[in-house]
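> Model the structure of this input:
(one chain, ligands or ions: 1)
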Amino acid sequence: MSYNDNLQKIETRIAKAAQTSGRDRSDVHLVAVTKTVDVAAMEKLYDLGVRHFGENRADVFTEKVAALADKTDIVWHYIGSLQTRKVRAILPHISFLHSLDRKSLADEIEKRATEKVACFLQVNISEEETKHGFNAEEALAFVQSQNYQHVEIVGLMTMAPNTDDEQTLHHVFQGLKALQLEIEKLGIANVPCHELSMGMTNDFEIAIEDGATFIRVGRALVEEN
Ligand SMILES: *Cc1c(COP(=O)(O)O)cnc(C)c1O
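Modelled structure (predicted):
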């Protein structure tokens, strides 16, 4: 395998899913989840044109940002659960936080940030015990009760359950889309909520059909397949 082959296969899958659902390919952003690979691998992906990178551990994230600092057009996404005490270290480097999963984290970002931080509210649509995030009701209450200047809610993010059952996956992704539209319609300051971060290796076509604007792909990109 080569990263180039993997990228092309993913690109074909994205294009097909976009076409099937009558969407513009350019409305779907591919975030390369590189949590399982090293900096050398990321450099290869960069040379193939990848610019959006996603990481899920604060310490590794800051190391990789430092190692790739000369590549100034990288867009860094933080996708993992984030401890409050790590906010200060990663804040200067992230373009998107996909995992805003609790009010205390938003409070800390508000306190530390000096400019707006683009955040996805993480919603546990399937209400699995093991998953982080707000449920739909809590997400609605949260956006309506906050008054942040630096925390900008650009959209919603979810992790689908680990299943091949397409109906279950559609149910989750369509649930997130419905909530996104509902929040967007409220027209709250600093809550544009236009975006949907959903879909990973196993389910990104389904997510695209249901409106994903950011897909987070790891294994299909970096593993032999
Ligand atoms: C690891 C991870 C991904 C990528 O998952 P793959 O199945 O490897 O594509 C996406 N989102 C989050 C939050 C992750 O932790």
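
> what pLDDT does residue 225 get?
Residue 225 is assigned a pLDDT of 61 by the prediction.

> Low-confidence ranges, this protein, go.
Residue ranges of the chain with pLDDT under 70: 1, 225.

> The same query, at a cut-off of 50, please.
Counting by pLDDT under 50, the chain shows no low-confidence range.

> Enumerate the residues of it near the ligand.
Proximity of the chain to the ligand, by C-beta under 6 Å from any ligand atom, involves residues 33, 35, 56, 79-80, 159, 200-202, 216-220. All C-beta spots, glycine's among them, are computed from the backbone N, C-alpha and C.

> Now do the nearest residue to residue 213 once chain neighbours are set aside: how many residues are near it, please.
Of all residues not flanking residue 213 in the chain, residue 195 sits nearest, at 4.7 Å (C-beta to C-beta, 6 or more residues apart in numbering). Residue 195 has 23 neighbouring residues, counting by other C-beta atoms under 10 Å.

> Also residue 66?
Neighbour tally, residue 66, other C-beta under 10 Å: 10.

> Does the helix or strand harbouring it pack against any helices or strands, and if so which?
Taking DSSP states H and E as the criterion, residue 66 maps to helix 58-67. In terms of contacts (3 or more C-beta pairs under 8 Å, 6 or more residues apart in numbering; DSSP states H and E), helix 58-67 is packed against helix 39-47, strand 52-55, strand 75-78, helix 87-90.

> make it 7 Å
Packing partners of helix 58-67 (3 or more C-beta pairs under 7 Å, 6 or more residues apart in numbering; DSSP states H and E): helix 39-47, helix 87-90.
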